[in-house]
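J.: I'd like to go over a predicted model; first the sequence, then the structure.
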Amino acid sequence: MNTYIKHIAISTLATLIITSCTPEKKQDPFEISKQHVGLLTDSTQVKDLEIVFPNDSIVTAIKGDEFSDDINDIDIYSSEGKKLLSLTPSQALDSTAVIKSVQILSEKYKTEKNISSLSTFKDIKDNYKISSINTLINSVVISVNEINASFTIEKKELPANLRYDMSINIDAVQIPDHAKIKYFIIHW
């Protein structure tokens, strides 16, 4: 019995050592999922953006004041000056507010299924279940609940008969496979 307990203790200790030595997967700074965009998560506060984007420029345009309902978007630019993301906080002018949506503008950011701002409608429909399609004045918005995303495609990418009538309900089969994404937004 005593040998049996020693054997279990040694096995448990060996398992703990092996699992603690297994390298932790490093977060890809450009990967998009339902809960994160790169190192930005659904619980990141505005005050923490400098930590999340240490090498990038963070630009906040003050459009209102603390007494208005205006939400002030925060733009993230690369060190080369290219706009990467546009963040919308849950509250204007509140450093403890969390980010409620992230507009993806740079092709560097990709979903786990390799969808980026350079992707086409075919890429979206081949990799995700489309939840809904909404028609706006100059664009259509394709929603994918699986990753809390909405993809915007300009109407100029659609056949001429679908571009000007707002009352038409556009179905997935009417959108050309080669229609390019203008940008997409992750909502939290």
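T.: Done, it's in.

J.: which other residues reach stretch 171-179?
T.: 120-122, 125, 130, 133, 140, 142, 153, 157-159, 162 (Cβ atoms under 8 Å, 6 or more residues apart in numbering). From N, CA and C alone the C-beta is placed, and that goes for glycine too.

J.: If any of the residues you listed are buried, put those into a ChimeraX selection.
T.: For the buried members of the contacts of stretch 171-179, the matching ChimeraX selection, counting by 16 or more other Cβ atoms under 10 Å, is:
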select :120,121,125,130,133,140,142,153,157,158,162
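
J.: and which of the contacts of stretch 171-179 is nearest to H187?
T.: The nearest member of the contacts of stretch 171-179 to H187, counting by Cβ to Cβ, is I142 at 13.3 Å.

J.: Does the closest residue in space to the closest one that isn't next to it in sequence belong to a helix, a strand or coil?
T.: Among residues not flanking I142 along the chain, F151 sits closest, at 4.5 Å (Cβ to Cβ, 6 or more residues apart in numbering). Secondary structure for F151, judged by DSSP: H, G, I helix; E, B strand; the rest coil, is strand.

J.: Please apply the same query to S167.
T.: Classification of S167 using three-state DSSP returns coil.

J.: Give me the number of neighbouring residues for it.
T.: Residues near S167, counting by other Cβ atoms under 10 Å, number 5.

J.: Distance of it relative to L136?
T.: 13 Å (Cβ to Cβ, to the nearest Å).

J.: same deal with K156?
T.: 13 Å.

J.: hmm, back to that, can you pull the contacts of the residue nearest to I142?
T.: I124, V141, I142, S143, V144, I181, F184.

J.: Could you rerun that using 10 Å?
T.: With contacts defined as Cβ atoms under 10 Å, 6 or more residues apart in numbering, F151 is in contact with 104, 115, 117, 119, 121, 123-124, 128, 130, 133, 139-144, 179, 181-185.

J.: Which ones among those map onto helices?
T.: F121, D123, I124 (DSSP state H).

J.: how about those in CSV, adding distance to I99?
T.: Converted to CSV, the ones in helices among the contacts of F151 look like this (distance: Cβ to Cβ, whole Å):
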residue, distance to I99
F121, 27
D123, 25
I124, 23
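
J.: Specify the beta-bridge partners of S143.
T.: Beta-bridge pairing for S143 (DSSP bridges): S132, S150.
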